[in-house]
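Q: I'd like to go over a predicted model; first the sequence, then the structure.
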Amino acid sequence: MAYLHQAVELSSAGALVVLNGAMAKAEAIGAPQCIAIVDRGGNLLAFVRMDGAKILSQISATQKAVTAVSSRAATGGMSEELALKLAVTTDGQLTNLQGGLPIIVAGQVVGAIGVGSGTGEQDVIVAQAGIDALNAVIAQGPIIPA
């Protein structure tokens with residue numbers, strides 16, 4: 001029986017890498033977005049509402065990130081009935097809208113990104129670009145300081 005676990009945590013610097021990668025993709029596809037990055041506990045680490053992004057999307061972007069980290073899965077894949085139950089039972093805190101992706105490093109969910117203001121497909125593309133940016137930085141060297 002293990003009494004303690006070691007966990008990799010997403011730092012604020014890592015969150016900014018994800019955020020900047022997502023913003024670059026949003027600009028490239030011409031879809032201004034609200035982008036939220038949370039840690040593995042669902043706590044907000046970074047957020048931006050890009051110029052031109054829908055104001056209400058700041059709420060859904062955060063909900064998408066929290067949902068993705070809580071479920072350890074991408075948002076948008078539930079049945080309509082289950083999605084409605086999720087929204088009602090969590091008082092709207094969790095959502096099944098597309099655009100939330102878990103951030104997985106070394107096999108551990110370290111956080112999540114939520115993106116909103118474009119189409120569901122655009123939101124997912126932008127979210128994945130943020131994660132890809134972090135993975136590119138991690139591939140360049142050690143991820144945890146000695």
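A: Good, I have the coordinates.
Q: within the sheet, what are the partner strands of the lengthiest strand in the chain, with directions?
A: Across the chain, the strand with the greatest residue count (assigned by DSSP state E) is strand 108-116. Using DSSP bridges, the strands paired with strand 108-116 are strand 34-39 (antiparallel), strand 100-105 (antiparallel).
Q: CA atoms only: put the first one into PDB for me.
A: Think strand 34-39. C-alpha atoms of strand 34-39 as PDB (Å, rounded to 0.1, in the frame of the first residue of the first chain):
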ATOM      1  CA  CYS A  34     -10.900  32.900 -24.800                       C
ATOM      2  CA  ILE A  35      -8.300  30.400 -23.500                       C
ATOM      3  CA  ALA A  36      -8.100  29.100 -19.900                       C
ATOM      4  CA  ILE A  37      -5.300  26.900 -18.500                       C
ATOM      5  CA  VAL A  38      -5.900  25.000 -15.200                       C
ATOM      6  CA  ASP A  39      -3.700  22.900 -13.000                       C
END
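Q: now do the contacts for the residue nearest the centre of the chain.
A: Central residue of the chain (CA atoms, centre = their mean): I113, 0.9 Å from the mean position. For I113, the contact set (CB atoms under 8 Å, 6 or more residues apart in numbering) comprises 18, 22, 35-37, 65, 68, 100-101, 103, 127, 130-131. Using the backbone N, CA and C atoms, a C-beta is placed for each residue, glycine as well.
Q: mean pLDDT per helix and strand in this structure: which one sits at the bottom?
A: The helix or strand of the chain with the poorest confidence is helix 80-89; it has a mean of 87 (mean pLDDT, DSSP states H and E).
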